[in-house]
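Colleague: here is my input, please return the structure:
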Amino acid sequence: MNQKKFSPGKLLLQLLQGSLIGLGAVLPGISGGVLSVVFGIYKPMMELLAKPLSRFKTHVPKLIPYVIGAAIGFLGVANILAYVLEKYPAPSVCLFIGLIGGMIPSLWREAGEQGRTKGSYYSLFIAMAIIFALLITLNVASVTITPNFVWYLFCGCCLALSVIAPGMSFSTLLMPLGLYTPFVDGIGHLSMSVLIPAGIGALATVVCLSNAVNMLFDKHYSLAFHAIIGIVIAATVMIIPFESFTVSVTGALINVFFLAAGVVIATLLDKFNSKVTVE
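Modeller: Predicted structure coming up:
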């Protein structure tokens with residue numbers, strides 16, 4: 001195996017991608033898991049979670065920059081992001097949609113690394129249909145609850161699930177229940193009454209599900225990866241702010257600009273990532 005040389009450019013790219021994953025985790029409707037798939041770290045992350053001891057030396061060095069970037073994106077930029085999202089919700093979401101959409105071709109290439117069968121396409125469409133049905137149901141449902149220790153456990157489970165199951169945005173699950181704002185606010189202010197139960201819930205979810213997901217990839221790579229593409233497509237379509245395109249021509253043009261900008265940025269990131277990977 002070739003020894004890979006240290007590259008400042010690659011490190012910067014990994015930190016940037018990690019911060020985008022962190023931003024995606026906190027952005028309503030965006031999944032950090034989707035972005036981890038988009039940036040090519042989903043498989044190694046799941047492999048590490050499934051066998052942390054045997055894969056510590058091979059996987060941790062690769063993932064550390066992403067983890068640092070994700071922490072910066074999730075915690076350090078959360079307040080700024082909340083402000084931007086509140087002031088300019090549609091352009092912000094459109095930028096992320098462009099980023100995800102622009103990386104789908106590279107996901108498609110990766111999904112076909114071990115070939116495609118009819119089952120691969122069935123897997124894609126079935127996963128897409130399930131996510132559409134689930135997210136539409138959650139959007140239609142209107143239930144409000146009072147947050148407490150047990151509900152913050154649930155929030156932690158949803159947060160971990162959004163990483164383990166790409167396309168499953170924890171904000172999409174929590175917003176209909178009225179838990180998203182108090183949960184993110186508690187994390188932003190480092191409230192122990194939120195962080196402790198959320199951490200327990202997230203850890204329990206990772207321990208219980210990571211092995212199963214990793215085994216699925218080992219034995220049914222094509223089916224699993226095409227299912228993820230279906231999840232990514234459905235989750236991305238569901239967050240398109242359609243109504244914002246009809247408010248005014250100017251607003252629609254701004255949204256289109258940010259969509260295009262996201263696609264261009266994603267394409268450039270993909271090309272740069274391919275270069276530094278080959279080196």
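Colleague: contacts and neighbour counts: CA atoms only from here.
Modeller: Will do.
Colleague: for the residue nearest the centre of the chain, which non-adjacent residue is spatially closest?
Modeller: The centroid of the chain falls nearest to residue 32 when counting by CA atoms, centre = their mean (2.1 Å). Computed as CA to CA, 6 or more residues apart in numbering, the closest residue to residue 32 that is not its neighbour in sequence is residue 25, at 4.3 Å.
Colleague: pLDDT score for that neighbour?
Modeller: pLDDT for residue 25: 71.
Colleague: ok, it to residue 35 distance?
Modeller: Counting by CA to CA, to the nearest Å, the gap between residue 25 and residue 35 amounts to 9 Å.
Colleague: before we move on, the earlier item: off-centre distance for the host helix or strand of the residue nearest to residue 32?
Modeller: Per DSSP states H and E: residue 25 is located in helix 8-26. Distance, stretch centre to chain centre, for helix 8-26: 12 Å (CA atoms, centre = their mean, to the nearest Å).
Colleague: helix/strand/coil for residue 114?
Modeller: Classification of residue 114 using DSSP: H, G, I helix; E, B strand; the rest coil returns coil.
Colleague: measure the nearest residue to it once chain neighbours are set aside to residue 42 for me?
Modeller: Nearest in space to residue 114, with sequence neighbours left out and distances taken as CA to CA, 6+ apart, is residue 222 at 6.5 Å. To residue 42, residue 222 is 15 Å away according to CA to CA.
Colleague: where in the stretch 101-250 of the chain is pLDDT low?
Modeller: 142-144, 165-169, 171-173, 175-176 (pLDDT under 70).
Colleague: all helices of it, in order?
Modeller: 118-140, 149-164, 170-174, 180-188, 192-219, 221-238, 249-278 (DSSP state H, counting those that start in this stretch).
Colleague: including mean neighbour count and distance to residue 16, could these go into TSV?
Modeller: Formatted as TSV, those follow (neighbours: other CA atoms under 10 Å; distance: least, CA to CA, whole Å):
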stretch	mean neighbour count	distance to residue 16
helix 118-140	16	28
helix 149-164	22	18
helix 170-174	24	22
helix 180-188	17	20
helix 192-219	17	24
helix 221-238	23	21
helix 249-278	16	10
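Colleague: which one of these lies nearest to residue 104?
Modeller: Of all these, it is helix 221-238 that lies closest to residue 104, at 7.7 Å by CA to CA.
Colleague: any idea of the angle that closest one forms with helix 118-140?
Modeller: Going by axes from the mean of the first three to the mean of the last three CA atoms, to 10 degrees, helix 221-238 is angled at 30 degrees with respect to helix 118-140.
Colleague: got the CA positions of helix 221-238 in PDB?
Modeller: Provided in PDB are the C-alpha atoms of helix 221-238 (Å, rounded to 0.1, in the frame of the first residue of the first chain):
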ATOM      1  CA  TYR A 221     -22.800  -3.400  -0.600                       C
ATOM      2  CA  SER A 222     -24.700  -2.500  -3.800                       C
ATOM      3  CA  LEU A 223     -28.200  -2.800  -2.200                       C
ATOM      4  CA  ALA A 224     -27.200  -0.800   0.800                       C
ATOM      5  CA  PHE A 225     -25.500   2.000  -1.100                       C
ATOM      6  CA  HIS A 226     -28.300   2.400  -3.700                       C
ATOM      7  CA  ALA A 227     -30.700   2.500  -0.800                       C
ATOM      8  CA  ILE A 228     -28.700   5.400   0.700                       C
ATOM      9  CA  ILE A 229     -28.900   7.200  -2.700                       C
ATOM     10  CA  GLY A 230     -32.700   6.800  -2.500                       C
ATOM     11  CA  ILE A 231     -32.700   8.200   1.000                       C
ATOM     12  CA  VAL A 232     -30.500  11.100   0.000                       C
ATOM     13  CA  ILE A 233     -32.700  12.000  -3.000                       C
ATOM     14  CA  ALA A 234     -36.000  11.800  -1.000                       C
ATOM     15  CA  ALA A 235     -34.600  13.800   2.000                       C
ATOM     16  CA  THR A 236     -33.200  16.400  -0.300                       C
ATOM     17  CA  VAL A 237     -36.400  16.800  -2.300                       C
ATOM     18  CA  MET A 238     -38.400  17.100   0.900                       C
END
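Colleague: residues in contact with that helix?
Modeller: 29-30, 34, 97, 100-101, 104, 107-108, 111-116, 119-121, 123-129, 131-132, 135, 166-169, 216-217 (CA atoms under 8 Å, 6 or more residues apart in numbering).
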